[in-house]
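Asker: Fold the following and give me the result.
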Amino acid sequence: MFGSIDLRKHFIGVLLMLACLAWLSNSGKPGHGYNIKEVDVSGAKQLIDAGALVIDVRGQEQFDYRHIPGAILITLEELRAGIPARLMAEAKNRVIVVYCNQGLVHGPEGTAILNNAGFAGAVNMKAGIEGWADAGYPIQKS
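Answerer: Sure, this is the predicted structure:
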């Protein structure tokens, strides 16, 4: 009876289960496992009022619909391809507030990309543009 059990299959199954558990334990953390600094909406507002650069990592259509006044659009796809030269010149040593729609996926990834490229002052706004609007802060349309 036990001779027909393939221990390799069971070992692989256990490894897959452990990998899934490790992934699940990281997926619920802020920034989806990215080691980044995050701020809430009021903290982001304070940074912006103090002169932080604001980067919207959503798409053009979402940006045109509504964005934080003064924000510049640098989509996540652009950041994945490489840091744009226009950002390199003006923001290497500045505080940067990065946001997406809800602060859960694109914002944390964009912040991590910037941090890894040497932009230590980049932070993710946790609640994204949704939280910003819900707080009653100003919104601009293109």
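Asker: now what about stretch 76-83, what contacts it?
Answerer: Residues outside stretch 76-83 that contact it (CB atoms under 8 Å, 6 or more residues apart in numbering): 57, 58, 84, 100, 106, 109, 110, 113, 114, 117, 119. For the C-beta atoms, the positions are set from N, CA and C on the backbone; glycine is no exception.
Asker: Among the residues you listed, which ones are in helices?
Answerer: Using DSSP state H, the subset of the contacts of stretch 76-83 located in helices is 106, 109, 110, 113, 114.
Asker: Rebuild the contacts of stretch 76-83 as a markdown table, extending it with neighbour count.
Answerer: Shown next, in a markdown table, are the contacts of stretch 76-83 (neighbours: other CB atoms under 10 Å):
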| residue | neighbour count |
| --- | --- |
| 57 | 30 |
| 58 | 22 |
| 84 | 13 |
| 100 | 25 |
| 106 | 24 |
| 109 | 21 |
| 110 | 28 |
| 113 | 21 |
| 114 | 26 |
| 117 | 15 |
| 119 | 22 |
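Asker: So which residues of the chain form helices?
Answerer: Under DSSP H, the chain gives helices at 7-27, 41-49, 60-65, 76-81, 85-91, 106-116, 128-134.
Asker: By mean pLDDT, show me the worst of those.
Answerer: For those, mean pLDDT drops lowest on helix 7-27, to a mean of 56.
Asker: how much space between residue 94 and residue 60?
Answerer: Using CB to CB, to the nearest Å, residue 94 is found at 24 Å from residue 60.
Asker: May I see the ones in helices among the contacts of stretch 76-83 arranged in JSON lines, with distance to residue 71 as well?
Answerer: Below are those laid out as JSON lines (distance: CB to CB, whole Å):
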{"residue": "106", "distance to residue 71": "14"}
{"residue": "109", "distance to residue 71": "17"}
{"residue": "110", "distance to residue 71": "12"}
{"residue": "113", "distance to residue 71": "17"}
{"residue": "114", "distance to residue 71": "15"}
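Asker: Brilliant, that's me finished.
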